[in-house]
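Participant: sequence-free structure coming up:
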Ligand code: SF4
């Protein structure tokens with residue numbers, strides 16, 4: 001890579017790292033400049049394709065110049081930071097070079113707004129056209145759509161990309177007005193609506209659409225965030241919401257102080273609650289309410305829900321439906337299938353559940369096997385909660401326990 005291209009790559013892959021719509025950012029490996037495998041500064045990240053394969057991507061911005069001044073963003077116009085911009089051809093050539101060297105299998109492309117929304121979208125479209133038509137690159141390309149650009153441009157990008165996203169970033173109009181005054185909810189949802197309508201036209205062959213919501217920069221509760229995600233899933237505007245714990249990068253009176261730690265546990269709990277929405281048939285207002293609007297940091301959302309609905313438990317493992325089984329803390333969709341299958345041949349006891357690798361540790365307070373409890377404990381939320389969050393006693397290895405060293409004796 002030529003030196004100025006290398007410098008641009010460092011700036012533009014570093015600027016892209018705060019976008020989590022593509023799962024991870026970069027890899028920390030010991031490398032020396034010029035040696036093979038020096039991917040650390042080149043923004044290689046990983047994501048999952050529609051068929052579940054993990055693929056590595058070049059994650060980069062076309063430019064980190066931006067005419068906007070969103071308060072939470074490292075690339076905002078008022079920040080004095082090193083700036084750079086690739087030409088569409090430069091970026092397409094780098095992508096192909098990396099691909100041919102087997103560094104990457106695809107591209108995750110986003111951009112600051114340069115000149116105007118339409119101009120930026122046109123530059124991104126140019127990258128796509130060079131890759132798809134000149135280089136005949138048929139691999140994975142994820143494009144961040146530019147809200148506010150013309151419908152025809154967005155539609156062309158959607159046709160050429162493998163996956164698209166549009167970052168809503170802040171969960172309410174009020175917060176957008178305060179921190180990103182050039183954006184409105186309508187404006188950020190517009191590209192997703194165009195992408196959805198286009199994918200419906202294509203015989204329902206949906207293109208993967210995602211968004212990023214920043215958590216902890218603004219006062220919205222988990223209830224507000226989960227409600228928004230649920231509405232977006234229901235309207236088929238998204239396949240996936242990515243929650244991003246806010247990392248303070250700018251000093252701003254409307255944002256948490258610069259040394260505030262990112263709320264990582266909250267982010268993790270939101271991902272768990274989102275999973276319940278998408279795969280377990282929960283609605284957002286079963287998980288949270290406006291009176292109890294935040295997830296519990298100590299307990300996962302399904303356990304939290306079960307403790308608030310103890311009148312529905314215990315559930316008899318040998319008679320419960322699949323829908324009932326997957327609502328039991330510690331039993332996932334795969335566990336429920338294993339139970340249903342094993343139940344065809346015999347009545348199951350706790351030892352059978354252990355053999356099926358069901359997490360008895362959490363499930364034991366909520367189930368019976370042939371009306372027997374595993375553990376005698378009064379079914380009060382406080383008792384169960386205390387038992388569940390009690391730290392596990394550390395196992396002292398016995399002087400004569402050599403199984404860890406020798407395996408089976
Ligand atoms: S438009 Fe995007 S790149 Fe520009 S300041 Fe706002 S969040 Fe940052």
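Facilitator: Structure's in. What do you need? Remember, predicted model here, so these are calculated numbers, not experimental data. Numbering: from 1, shown residues only.

Participant: Excluding sequence neighbours, find me the nearest residue to the residue of the stretch 301-409 of the chain found nearest the ligand.
Facilitator: The nearest approach of the stretch 301-409 of the chain to the ligand comes at residue 301, 29.0 Å away (C-beta to the nearest ligand atom). Every residue, glycine included, has its C-beta placed from N, CA and C. Nearest non-adjacent residue to residue 301, counting by C-beta to C-beta, 6 or more residues apart in numbering: residue 273, 4.3 Å away.

Participant: What residues does the stretch 1-150 of the chain have near the ligand?
Facilitator: Residues of the stretch 1-150 of the chain lying near the ligand by C-beta under 6 Å from any ligand atom: 66, 68, 70, 73, 75, 76, 112, 113.

Participant: Just the buried residues of the helix or strand the residue nearest to residue 301 falls within, please?
Facilitator: Assessed by DSSP states H and E, residue 273 sits inside helix 264-279. Within helix 264-279, the residues scored as buried using 16 or more other C-beta atoms under 10 Å are 266, 267, 269, 270, 273, 274, 275, 276, 277.

Participant: With stretch 286-294 instead?
Facilitator: Of the residues in stretch 286-294, 287, 288 count as buried by neighbour count, 16+ other C-beta under 10 Å.

Participant: measure that stretch end to end?
Facilitator: For stretch 286-294, the first-to-last residue distance is 12 Å (C-alpha to C-alpha, to the nearest Å).

Participant: Residue 244 is in what secondary structure piece?
Facilitator: Since the elements are taken from DSSP H and E, residue 244 ends up inside strand 240-245.

Participant: any weak-confidence spans in this structure?
Facilitator: Within the chain, the stretches with pLDDT under 70 are 1-3, 19-44, 46-53, 202-207, 375-377, 393-409.

Participant: could you redo the last one with a cut-off of 50?
Facilitator: 23-41, 204, 401-409 (pLDDT under 50).

Participant: Which residues are in contact with residue 71?
Facilitator: Applying C-beta atoms under 8 Å, 6 or more residues apart in numbering to residue 71 gives the contacts 178, 179, 180, 250, 252, 254, 255.

Participant: nearest to residue 165, of these?
Facilitator: Using C-beta to C-beta, residue 180 comes nearest to residue 165 of the contacts of residue 71, at 16.5 Å.

Participant: ok, which stretches of the stretch 301-409 of the chain are strands?
Facilitator: Using DSSP state E, counting those that start in this stretch, the strands of the stretch 301-409 of the chain run over 315-316, 367-368.

Participant: Sheet-wise, list the partners of the first one with their directions.
Facilitator: This points to strand 315-316. Listed by DSSP bridges, the sheet partners of strand 315-316 and their directions read strand 367-368 (parallel).

Participant: Can you name the residues in contact with the partner strand?
Facilitator: 313, 314, 315, 316, 317, 328, 374.

Participant: how does it look with 6 Å?
Facilitator: Strand 367-368 is contacted from outside by 314, 315, 316, 317, 328, using C-beta atoms under 6 Å, 6 or more residues apart in numbering.
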